[in-house]
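Peer 1: Show me how the following folds:
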Amino acid sequence: MMKFTVLSCSLDPHSRSARLADLAGQAIAAGGHRLEHIDLREIDMPIFDNDRAFGHPAYAALHEAIAGADGIFIAAPVYNWGLGSAAKNLIELTGATGVAGRQSPWFDKTVTFLCAGGLPHSYMAYTSLAMSLMLDFKCVLNPYMVYASERDWTDALEPVEALQARLDKTVAVKLELAERLKGRAYNSGWEI
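Peer 2: Predicted coordinates for the structure are as follows:
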């Protein structure tokens, strides 16, 4: 049994990326794995300032949820050809080392993206944030991700068959990657 953290990074009360996070969480739990689901709509996360934000109660909870996971899912909306600002703020807050020995929990995590956007041609909008995680924290990126546009949902916010198949394959690959990398012999840190 492994532990996965699903980070739902939309602040929209009718978020489709949050629905993707729910569906991924259900698949993880159905596979017998432990799940921590964090919905940023439900917490008071501070804006990262590299100072007072580290004393905020949400900082410790978010840091621990990422550090203790065998893998991370980032569910986020696409706005203006990039992921929503809440996702970036979350990574800045938990990724900074700051002072007093704080270390980033992101090092060596397997990361999977679940993205929702309005139009189908924004499917690569997550890549700049993904590359940052790979280069800064040596994260292993799941080569399978989910991008869902408006046409991938029914009126009842259920995934159409093709979207469900993509989500199922993405979660299956994530589980395999996390299992195979769990016993890795290296630990990364700040190297540059």
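Peer 1: Any stretches of the protein with poor pLDDT?
Peer 2: Within the chain, the segments meeting pLDDT under 70 span 97-102, 192.
Peer 1: could you show me where the strands are in it, in order?
Peer 2: Assigned by DSSP state E, the chain shows strands spanning 3-8, 34-39, 71-79, 82-83, 110-116, 140-141, 146-148.
Peer 1: what's the offset of the longest one from the middle of its chain?
Peer 2: Remark: strand 71-79 is offset 4 Å from the chain centroid, using Cα atoms, centre = their mean, to the nearest Å.
Peer 1: residues contacting the most centrally placed residue in the chain?
Peer 2: In the chain, the C-alpha nearest the mean C-alpha coordinate belongs to Ile74, at 1.6 Å (Cα atoms, centre = their mean). Going by Cβ atoms under 8 Å, 6 or more residues apart in numbering, Ile74 touches 7, 9, 83, 87, 111-114, 129. C-beta here means a position set from N, CA and C on the backbone, and glycine is covered the same way.
Peer 1: could you measure the residue nearest to Met45 when sequence neighbours are not counted against Tyr123, distance?
Peer 2: Spatial nearest neighbour of Met45, excluding adjacent residues (Cβ to Cβ, 6 or more residues apart in numbering): Ala58 at 4.9 Å. Separation of Ala58 from Tyr123 (Cβ to Cβ, to the nearest Å): 30 Å.
Peer 1: One more: Asn89?
Peer 2: 23 Å.
Peer 1: residue boundaries of the helices in the chain?
Peer 2: For the chain, the helices defined by DSSP state H cover 16-30, 57-67, 85-95, 127-137, 161-181.
Peer 1: looking at the ones you listed, which is closest to Leu40?
Peer 2: Closest to Leu40 of the helices of the chain is helix 85-95 (Cβ to Cβ; 5.2 Å).
Peer 1: what comes up buried for the closest one?
Peer 2: Buried residues in helix 85-95, counted by 16 or more other Cβ atoms under 10 Å: 86-91, 93-95.
Peer 1: for stretch 6-14, same thing?
Peer 2: Going by neighbour count (16+ other Cβ under 10 Å), the buried part of stretch 6-14 is 6-10.
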